[in-house]
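Asks: The following block contains a protein sequence and its predicted model.
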Amino acid sequence: MTGTPIIPDVGSPQVSDRLSEPRTVATPPATDLSAAQHVPELGPDPRAAYREALLELAAADPRVICLDSDTGGLENTFGEQFPDRYINVGIAEANLMTVAAGLARRGFLPYVHTMATFATMRAGEFLKLDIVGNRLPVRVIATHGGVSAAHFGTSHFALEDLAVTRALFDLAIVVPGDAHQIGSATRQLHDLPGPGYLRLGRSATPTPPGPTPDFVLGQARMLREGADVTLVAAGPLPLLFALEAADDLAAEGIGVQVVDLHTLHPLDRDGLLAACRGRAGVVTVEEHRPQGGLGDAVAEVVSAELAVPLRRLAVRGRPGARVHEQRTVLQAHGVSTEAVLDAARELLARRPDDRTHESNDRPIQQPAQHSAAAL
């Protein structure tokens, strides 16, 4: 591609030349899963599902601008259909955020594309100051979330990004549970007045079994109903592990509530409390470090209101010493169907008698408030 892209006039000057040409990203050979694992049918590719939604938005809204950082693929999709609204800034994530902020200030709706770890680590300061600090309508599309780029090594792991984004004020954060949610999530983020962060994986993952309620931003999806224990998950493989464990427990006569908490901000506080109230315990499942992600988000709500024990399954230790594919890395570091089963059974074994258990329905008594004059 050569020349200067001309962006439709919606109240801003022309944007400068693209800074670099897009490069082709080679796809590594797939790694076979263990033969002992039962793997459901793969769903759509998450990045392809997102690009389709973005093209639809761009066709309907001339303010949509696609900012790329040599991620590979957007130049052949968005770039071909809307060449005047596609800008590749190259591998320069800090510039990516500042360019997006400038375009948003001039009336455009930029969608910026990079890997999750680069969006929040390398460019975190610019995300914080330029975009979130000014409440600009920039959508950060963060691919390769968690260890979905495990074959690239630890430089591409994104196990801290949700801790960073949750700490930023009023940034919408969405972690779709499967690729079928991505289109709805993208369209609903588009309608928000402020910034948004959409965390995606790299490759197709198995489609979760069973019915899948519609995606509604800020509203948890209840995928299984049960009164004994609650499993709360975010992200495709954590959700799959929770559902697999729920089916195994259901076969044992155990009622399991499975919650897809796809939106970490704004959090569905009421839905989460209703799903956890009266259960023997709550297990959270996430593709993230224990600190700052889904587990902390759930604990902040549930532990403040309910006398319900909580177990958090997250990526622990130091993954990356050896190269493995995504599911193997998760299983080796504490996130798997077996780990969910163990945590749920441990909570059930500790469940008090019926009379004591019923007290879990009552909220925790909050400390009395005193006036300053009384202290």
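Replies: Done, it's in. Residues are numbered from 1 along each chain as shown.
Asks: Could you grab the helix/strand/coil label for the closest residue to His265 other than its chain neighbours?
Replies: Nearest non-adjacent residue to His265, counting by CB to CB, 6 or more residues apart in numbering: Ile173, 4.6 Å away. C-beta here means a position set from N, CA and C on the backbone, and glycine is covered the same way. In three-state terms, and counting by DSSP: H, G, I helix; E, B strand; the rest coil, Ile173 is strand.
Asks: For Ile173, list each beta-bridge partner.
Replies: For Ile173, the residues forming beta bridges with it (DSSP bridges) are Tyr197, His265.
Asks: Arg47 and Leu313, how far apart?
Replies: Distance, Arg47 to Leu313, by CB to CB, to the nearest Å: 26 Å.
Asks: Which one's more surrounded, these two?
Replies: Neighbour comparison, Arg47 and Leu313: the larger count goes to Leu313, with 27 against 24 (by other CB atoms under 10 Å).
Asks: Hmm, that one is touching Val340, no?
Replies: Yes - with contacts counted by CB atoms under 8 Å, Leu313 reaches Val340, the gap being 6.4 Å.
Asks: which residues do those two both contact?
Replies: Jointly contacting Leu313 and Val340 under the rule CB atoms under 8 Å, 6 or more residues apart in numbering are 283, 285.
Asks: pLDDT wise, what is Val329 at?
Replies: At Val329, the pLDDT value in this model is 89.
Asks: What count of nearby residues applies to it?
Replies: Neighbours of Val329 (other CB under 10 Å): 22.
Asks: and it, what element?
Replies: Assigned by DSSP states H and E, Val329 falls within helix 326-332.
Asks: could you pull out the strands for this structure?
Replies: For the chain, the strands defined by DSSP state E occupy 64-68, 86-88, 109-115, 139-143, 172-174, 196-199, 221-224, 229-234, 256-260, 263-265, 282-286, 310-313.
Asks: Let me have those strands in JSON lines, extended by distance to Thr212 and mean pLDDT.
Replies: Output for those, formatted as JSON lines (distance: least, CB to CB, whole Å; pLDDT from 0 to 100):
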{"stretch": "strand 64-68", "distance to Thr212": "27", "mean pLDDT": "97"}
{"stretch": "strand 86-88", "distance to Thr212": "32", "mean pLDDT": "95"}
{"stretch": "strand 109-115", "distance to Thr212": "25", "mean pLDDT": "97"}
{"stretch": "strand 139-143", "distance to Thr212": "22", "mean pLDDT": "97"}
{"stretch": "strand 172-174", "distance to Thr212": "16", "mean pLDDT": "98"}
{"stretch": "strand 196-199", "distance to Thr212": "18", "mean pLDDT": "98"}
{"stretch": "strand 221-224", "distance to Thr212": "7", "mean pLDDT": "96"}
{"stretch": "strand 229-234", "distance to Thr212": "13", "mean pLDDT": "98"}
{"stretch": "strand 256-260", "distance to Thr212": "8", "mean pLDDT": "98"}
{"stretch": "strand 263-265", "distance to Thr212": "15", "mean pLDDT": "98"}
{"stretch": "strand 282-286", "distance to Thr212": "17", "mean pLDDT": "98"}
{"stretch": "strand 310-313", "distance to Thr212": "22", "mean pLDDT": "98"}
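Asks: closest to Pro352 out of these?
Replies: strand 229-234 (13.7 Å; CB to CB).
Asks: Now do the closest one and strand 282-286, the angle between them.
Replies: Counting by axes from the mean of the first three to the mean of the last three CA atoms, to 10 degrees, strand 229-234 lies at 20 degrees to strand 282-286.
Asks: Between strand 256-260 and strand 229-234, find me the angle.
Replies: Using the same axes, to 10 degrees: strand 229-234 against strand 256-260 is 20 degrees.
Asks: I would like the residues contacting strand 229-234, please.
Replies: Strand 229-234 is contacted from outside by 175, 177, 224, 239, 241-242, 245-246, 249, 254-262, 264, 272, 275-276, 279-287, 293-294, 298, 340, 344, 347-348, using CB under 8 Å, 6+ apart.
Asks: hmm, 6 Å instead?
Replies: By CB atoms under 6 Å, 6 or more residues apart in numbering, the list of residues contacting strand 229-234 from outside reads 175, 239, 242, 256-259, 261, 275-276, 279-286, 294, 298, 344, 347-348.
Asks: Over to stretch 238-252?
Replies: Residues outside stretch 238-252 that contact it (CB under 6 Å, 6+ apart): 177, 206, 208-209, 224, 231, 233, 256, 258, 260, 285-287, 336-337, 340-341.
Asks: Stretch 109-118 now?
Replies: Residues contacting stretch 109-118 (CB under 6 Å, 6+ apart): 63-69, 71, 93, 96, 100, 103-104, 137-145, 158, 161, 199.
Asks: 7 Å instead, please
Replies: 54, 61, 63-69, 71, 74, 93, 96-97, 100, 103-104, 137-145, 149, 156-158, 161, 199 (CB atoms under 7 Å, 6 or more residues apart in numbering).
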